[in-house]
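Undergrad: A structural model of the following input is requested.
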Amino acid sequence: MKAIILPEPGPAENFQLKDIEKPTPQKGEVLVKVKAISINPVDTKTRDGKAFYNSIKESEHVLVGWDIAGEVAAVGEGVEYFKEGDAVFGMVNFPGNGKAYAEYVAAPEGHLAHKPADVTYEEAAATTLAALTAWQVLVHQADIQPGQRVLVHAAAGGVGHYAVQIAKYFQAYVIGTASAENADFLKELGVDEHIDYKSQKVEEVVKDVDIVLDSLGEENTLKSLATLKDGGQIVSILGGATEAVQEQAKKRNIKALTYLVHSSGEDQAKIADLMEAGELKAHIEHVFPFEEMAKAHKQVETRKTRGKVVLTVD
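TA: Numbers count the residues shown, from 1 in each chain. You can find the predicted model right below:
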């Protein structure tokens with residue numbers, strides 16, 4: 001099978017297209033014939049030798065990636081929920097070794113969900129790690145409730161544009177930060193209030209927020225404490241809830257924590273339901289063929305992508 005391997009960490013040019021052996025599904029696993037792959041910032045960091053590189057570097061062939069959509073080609077012993085020919089999608093073995101940059105991926109049954117019939121493989125692949133992050137943070141961690149005020153940083157980005165839609169689904173009032181160029185896009189997503197981070201200081205203009213989803217890191221997490229009401233909570237997906245931030249948060253009974261998404265077929269199925277109902281839509285700004293993985297990584301590294309970057313696999 002075709003695969004994009006990483007002989008050594010570094011720039012995107014290090015990727016190599018190679019023919020390697022197709023995996024065999026083990027007990028409880030599903031073999032997926034991949035149709036589309038989604039790229040996230042964690043992919044680029046791992047490729048560069050950071051993030052989860054140490055978790056994958058000992059493999060015979062080092063493959064990056066976690067987000068896939070495709071068709072079930074075979075099932076291992078004990079698989080009950082899927083059968084050959086089913087259209088599926090999910091984030092595989094995260095955190096860990098997903099080995100997603102390949103024509104075939106062996107995935108635990110519990111990491112996948114059925115793809116809605118009217119959703120494309122590209123849209124499904126895009127609605128995995130980023131969407132799961134937004135869902136798990138807002139639903140499981142923050143316990144979002146109707147009428148709450150929610151601040152989503154980088155609201156036009158991968159996680160952000162899903163977080164906005166999920167928060168609106170739960171009938172929250174959503175404030176989103178993004179550049180002025182993305183103001184109309186945020187309105188389309190349902191944002192109630194747009195903050196142009198280039199011309200406005202969010203910590204000065206936003207107050208009485210119940211939940212903050214931060215995807216920018218410690219400096220932004222610390223500044224965002226000022227936007228929260230006493231007893232509110234801020235969840236950072238980029239390690240922003242450091243000891244220093246938590247110390248400041250405690251003074252106002254604010255809950256500050258860092259969250260790492262994890263694979264969950266159950267959560268993926270909830271997302272599939274939202275997609276099927278038209279409540280959650282993927283915005284895909286760039287689609288590349290599988291062979292142009294380096295270009296896809298470089299696009300993600302610009303940090304200027306609206307929504308998601310996806311690759312198609314023939």
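Undergrad: and T120, how many residues sit next to it?
TA: As a burial measure, T120 scores 17 neighbours (other CB atoms under 10 Å). The C-beta positions use only the backbone N, C-alpha and C, and glycine is treated the same way.
Undergrad: Now it: closest residue in space that isn't a chain neighbour?
TA: A36 (7.8 Å; CB to CB, 6 or more residues apart in numbering).
Undergrad: hang on, the one you found in a strand?
TA: Yes. Assessed by DSSP: H, G, I helix; E, B strand; the rest coil, A36 belongs to a strand.
Undergrad: what's the pLDDT at it?
TA: For A36, the model assigns a pLDDT of 99.
Undergrad: check contacts around it.
TA: Taking CB atoms under 8 Å, 6 or more residues apart in numbering as the criterion, A36 is in contact with 68-70, 120-122, 124-126, 310-313.
Undergrad: Over to L112?
TA: Taking CB under 8 Å, 6+ apart, one finds 30, 32, 82, 88-90, 92, 265, 268 in contact with L112.
Undergrad: In strands only, show me those.
TA: Among the contacts of L112, the ones falling in strands (DSSP state E) are 30, 32, 88-90.
Undergrad: Widest-spaced pair of those?
TA: Using CB to CB, the ones in strands among the contacts of L112 span at most 11.5 Å, a distance reached by V30 and F89.
Undergrad: and the gap between F15 and K295?
TA: 10 Å (CB to CB, to the nearest Å).
Undergrad: quick one, which of the two is more surrounded?
TA: Neighbour tally, F15 and K295, criterion other CB under 10 Å: the higher count belongs to F15, 21 against 14.
Undergrad: so who does the residue nearest to P289 when sequence neighbours are not counted touch?
TA: Excluding its sequence neighbours, the residue lying closest to P289 (CB to CB, 6+ apart) is T312, at 5.9 Å. By CB under 8 Å, 6+ apart, the residues touching T312 are 35-36, 121-122, 287-290.
Undergrad: Which of these sits closest to V64?
TA: F290 (13.0 Å).
Undergrad: so the closest one makes contact with K35?
TA: No. If you go by CB atoms under 8 Å, F290 and K35 don't touch, sitting 10.2 Å apart.
Undergrad: Need the residues touching each of the two.
TA: By the contact definition CB under 8 Å, 6+ apart, F290 and K35 are jointly contacted by 312-313.
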